[in-house]
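>>> Output the structure for:
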Amino acid sequence: MVAADLAVGALVEYQGHRGIVRFFGVTEFQAKGQWAGIELFEAKGKNDGSVAGVSYFRCKPGYGVFVRLSQISVINPEADPVSVVLSLSRG
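Alright, predicted model coming up:
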């Protein structure tokens, strides 16, 4: 995946789970490079959008995950309004 293909609000799939990109960029945690912060539609994540005390986005605990671009597939590069509303209603 090319970084230009990814934007905040994009609908993506990660390890068979769908979610919305809530963050894209460089983080302060140890691993270097570009990361995507994804709010999953199911509680299959690892965090709430925070890592090591730094908040990159907000979601319910267990719904957030940070992944390398190579680990995700873009389903829809533009935000799907229905998915955004559904995910926001959980927070």
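
>>> correct me, but residue 49 touches residue 65?
No: if you go by CB atoms under 8 Å, residue 49 and residue 65 don't touch, sitting 9.4 Å apart. C-beta: built from backbone N, CA, C; applies to glycine.

>>> Spell out which residues are contacts of both of these two.
residue 37 (CB atoms under 8 Å, 6 or more residues apart in numbering).

>>> Nearest residue to the middle of the chain?
What sits nearest the mean C-alpha location of the chain, by CA atoms, centre = their mean, is residue 38, with 1.0 Å.

>>> List the contacts of the helix or strand where that one lies.
Using DSSP states H and E, residue 38 maps to strand 34-40. With CB under 8 Å, 6+ apart as the test, strand 34-40 has contacts from 3, 6, 12, 14, 17-27, 45, 49, 56-57, 59, 63-69, 72, 87.

>>> So what's the model's average confidence on that strand?
For strand 34-40, the mean per-residue pLDDT is 95.

>>> what comes up buried for it?
Neighbour-count burial for strand 34-40 flags 35, 36, 37, 38, 39, 40 (criterion: 16 or more other CB atoms under 10 Å).
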